[in-house]
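In: Quick one, what's the 3D model for this:
(chains A, B, C and D)
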Protein chains: 2
Amino acid sequence: MAPKKQESNSQQREASGRRERAHRILDAAAALILRWGYDKTNVEDIARQAGVGKGTIYLHWKTREELFRALIKREQLAMAADFKQRISEDPAGATLHTMYKHYVSVLMKRPLLKALILRDTDVLGKFAHSEHSSAAFIERVAGFKIYLEFLREHGLVRTDLSMREQVYMLSAIVMGSYLIAPWMPDELTLTDEELADLVADTVQRSLESGRSASADELQVISHTFLEQLNRGIALYEAQFQHDLDS
Amino acid sequence: MAPKKQESNSQQREASGRRERAHRILDAAAALILRWGYDKTNVEDIARQAGVGKGTIYLHWKTREELFRALIKREQLAMAADFKQRISEDPAGATLHTMYKHYVSVLMKRPLLKALILRDTDVLGKFAHSEHSSAAFIERVAGFKIYLEFLREHGLVRTDLSMREQVYMLSAIVMGSYLIAPWMPDELTLTDEELADLVADTVQRSLESGRSASADELQVISHTFLEQLNRGIALYEAQFQHDLDS
DNA sequence: CACGTGACCAAATTTCTAAACTGGTCATAA
DNA sequence: TTATGACCAGTTTAGAAATTTGGTCACGTG
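Out: Model prediction:
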């Protein structure tokens, strides 16, 4: 690659340094929020933990809440990458239940996102009750509908249920699985893997059509799905990177 | 029936009066709790609404919490009666999914129990966080396991899933259906009947075996189940009545 | 005498306010 | 030009004071 002129090089190095610093700040925020909860994590603590001055944080984000939104975004992107990886490696990755198996599995490893989805008030504090939380859920449901429509078109899921019913029950199964965990008596708890498999089995039986697609067909569908997912991730990523550079 | 002697008659009339008064107090408590929530419903208001003195309430129950427990018990008994009625009238009443259809349907009409199950903090306030709530859930799950075992023995539900997984997913489906309702965007909400049918469909597909029992077999199973249910209700009822008489 | 009642009290809850903290800014330093 | 922490207004917290409430019981009533 041709070398850029002096000024551009310098800007790039600086931009990269900024970016690294932004990540350091987000790391600090993540650690503190998981340890103390959102409400009790203040900007000064984050700055100290990240080894920067408080003012520096405001060079990256306009408000504390914006910083937290960036953290969530980063977490979602990391999770999406995990998810993409697994789907692309799984021959059955195009089926609804396989997607959910990986989704549950991958989400289990992200306590911050788990808390966000479950609106865990201990961790998220006021953030859980803010607009963002509901908006995120609605957005999630909307994204959902698009790929569900896609699977319906390919006959991989039942079409004798309305989209409304299907989205509702899909949400209910996944949310229900998470939500009841803390209420279950000890002898009825499941490991993360058991839960992922159980959700997958339930989704398959209750929402997929009987029809089993050929390996070729599955690959085509999986490919198209991953394309779509990639586009979404890229867009989100670009937006996130832009945010980081202020 | 032979007439009882004078004293007994008098005691009976009094007891019946007491019982009626107890119900009046519970009615008042139910109305106030639904209107203002548990925390903001005090004993004096209940007494006034029921048209009795405050001290009278303590002739029936030792504490405010005991009064509320009695109210819940009464509500559960009423719901159980509803449920029994529907199951006994439905030829498919012995199947798991039919039970759940009626269960959901019947529970929807009981806001107090709905709040208890959902631990709706607005209505239940501190009561939701008390021992009683968790205990009730665990008890519910335990009762569950008994009749699930029964259905497994008759091959009406899958046996290739462990009880643990089955109970977990059954709880997840039902709880999930209730819990997500308030988070759903408007265009995705379902009516109570739609939800009951959807839950039934999901339970059938994901937890029942393919095997369909004959009408005769179903009736036998249904009969046995109702016997068991009746015994449970009678026991609970006796206990409740005894409580009312102080 | 037996039952019902509301005044009464200790304990819990709410309200109020002074003190402490924190998100965000910006003059200053590097 | 970039980073910082002292600074300030607005918010949160602590805890004292005031109010409310669960539960008791001496008294009134039929």
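In: which bits of chain A sit near chain B?
Out: A:134, A:137-138, A:141, A:161, A:164-165, A:167-169, A:171-177, A:179-180, A:183-185, A:187-188, A:190, A:194-195, A:198, A:201-202, A:205-206 (Cβ under 8 Å from any Cβ of the partner chain). Every C-beta, even on glycine, is put in place using the N, C-alpha and C of the backbone.
In: Give the ChimeraX command for selecting the buried subset of the residues you listed.
Out: Selection of the buried residues among the residues of chain A next to chain B in ChimeraX, burial being defined by 16 or more other Cβ atoms under 10 Å in any protein chain shown:
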select /A:137,141,161,164,165,167,168,169,171,172,173,174,175,176,177,179,180,184,188,190,195,198,201,202,205,206
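In: if we look at DNA strand C, which of the residues of chain A next to chain B are close to it?
Out: Within the set of the residues of chain A next to chain B, contact with DNA strand C (Cβ under 7 Å from any atom of the strand) is found for no member.
In: Which of the residues of chain A next to chain B fall within helices?
Out: A:134, A:137-138, A:141, A:164-165, A:167-169, A:171-177, A:179-180, A:194-195, A:198, A:201-202, A:205-206 (DSSP state H).
In: mind listing the helices for chain A?
Out: Using DSSP H, helices in chain A cover A:6-36, A:43-50, A:54-60, A:64-89, A:96-108, A:111-118, A:121-124, A:126-129, A:131-153, A:163-180, A:192-207, A:215-244.
In: so which of these gets nearest B:W36?
Out: Evaluated over those, closeness to B:W36 peaks at helix A:126-129, with 21.9 Å, by Cβ to Cβ.
In: residue contacts, the closest residue to A:L112 other than its chain neighbours?
Out: Nearest non-adjacent residue to A:L112, counting by Cβ to Cβ, 6 or more residues apart in numbering or on different chains: A:E75, 5.2 Å away. The contact partners of A:E75, by Cβ atoms under 8 Å, 6 or more residues apart in numbering or on different chains, come to A:A30, A:R110, A:L112, A:L113.
In: can you check A:G37 too?
Out: A:G37 makes contact with A:D122, A:V123, A:L124, A:G125, according to Cβ under 8 Å, 6+ apart.
In: I'd like the distance from it to A:G55, if you could.
Out: 25 Å (Cβ to Cβ, to the nearest Å).
In: Average pLDDT for stretch A:167-183, rounded please.
Out: For stretch A:167-183, mean pLDDT is 93.
In: Then stretch A:59-67?
Out: Mean pLDDT, computed over stretch A:59-67, is 96.
In: try stretch A:22-41
Out: The pLDDT scores in stretch A:22-41 average 97.
In: buried sites along that stretch?
Out: A:A22, A:I25, A:L26, A:A28, A:A29, A:A30, A:L32, A:I33, A:G37, A:Y38, A:T41.
In: That stretch close to DNA strand D?
Out: Yes - residues of stretch A:22-41 contacting DNA strand D under Cβ under 7 Å from any atom of the strand: A:D39.
In: so how far is that stretch from its chain's centroid?
Out: Centre-to-centre, stretch A:22-41 and its host chain are 18 Å apart (Cα atoms, centre = their mean, to the nearest Å).
In: Please export the C-alpha coordinates of that stretch as PDB.
Out: Only the C-alpha atoms of stretch A:22-41 are listed here, as PDB (Å, rounded to 0.1, in the frame of the first residue of the first chain):
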ATOM      1  CA  ALA A  22     -11.900   4.400  24.000                       C
ATOM      2  CA  HIS A  23     -11.900   0.700  24.300                       C
ATOM      3  CA  ARG A  24      -9.900   0.900  27.500                       C
ATOM      4  CA  ILE A  25     -12.500   3.200  28.900                       C
ATOM      5  CA  LEU A  26     -15.300   0.800  27.800                       C
ATOM      6  CA  ASP A  27     -13.400  -2.100  29.400                       C
ATOM      7  CA  ALA A  28     -13.200  -0.200  32.700                       C
ATOM      8  CA  ALA A  29     -16.900   0.700  32.500                       C
ATOM      9  CA  ALA A  30     -17.900  -2.900  31.800                       C
ATOM     10  CA  ALA A  31     -15.900  -4.200  34.800                       C
ATOM     11  CA  LEU A  32     -17.200  -1.600  37.200                       C
ATOM     12  CA  ILE A  33     -20.800  -2.000  36.100                       C
ATOM     13  CA  LEU A  34     -20.700  -5.800  36.400                       C
ATOM     14  CA  ARG A  35     -19.100  -5.400  39.800                       C
ATOM     15  CA  TRP A  36     -21.200  -2.500  41.300                       C
ATOM     16  CA  GLY A  37     -24.100  -2.100  39.000                       C
ATOM     17  CA  TYR A  38     -25.000   0.800  36.700                       C
ATOM     18  CA  ASP A  39     -26.300   3.200  39.300                       C
ATOM     19  CA  LYS A  40     -23.200   3.000  41.500                       C
ATOM     20  CA  THR A  41     -20.700   3.300  38.800                       C
END
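In: got any ranges where chain A has weak pLDDT?
Out: Low-confidence segments of chain A (pLDDT under 70): A:1-15, A:245-246.
In: Could you state which residue of it sits nearest its centroid?
Out: The C-alpha lying nearest the average C-alpha coordinate of chain A belongs to A:Q76 (Cα atoms, centre = their mean; 3.1 Å).
In: thought that residue was touching A:E237?
Out: No - here A:Q76 lies out of contact with A:E237, judged by Cβ atoms under 8 Å, at a distance of 10.3 Å.
In: Next to DNA strand D, which bits of chain A? Give me the list.
Out: So far as Cβ under 7 Å from any atom of the strand goes, chain A lies against DNA strand D at A:E14, A:G17, A:R18, A:R21, A:D39, A:V52, A:G53, A:K54, A:G55, A:T56, A:Y58, A:L59.
In: neighbour-wise, which of the contacts of A:E75 leads?
Out: Highest neighbour count within these: A:L112, with 22 neighbours (other Cβ atoms under 10 Å in any protein chain shown).
In: Next up, the contacts around it.
Out: A:L112 sits next to A:A30, A:I33, A:L34, A:L71, A:I72, A:E75, A:V123 when contact means Cβ under 8 Å, 6+ apart.
In: So which bits of chain A are right by DNA strand C?
Out: Counting by Cβ under 7 Å from any atom of the strand, the residues of chain A close to DNA strand C are A:K40, A:T41, A:N42, A:V43, A:E44, A:K54, A:G55, A:Y58, A:K62, A:T63, A:R64, A:E65.
In: What is the neighbour count of the last one?
Out: Residues contacting A:E65 under the criterion other Cβ under 10 Å number 14.
In: For A:L124, see how far away it is.
Out: Separation of A:E65 from A:L124 (Cβ to Cβ) stands at 12 Å.
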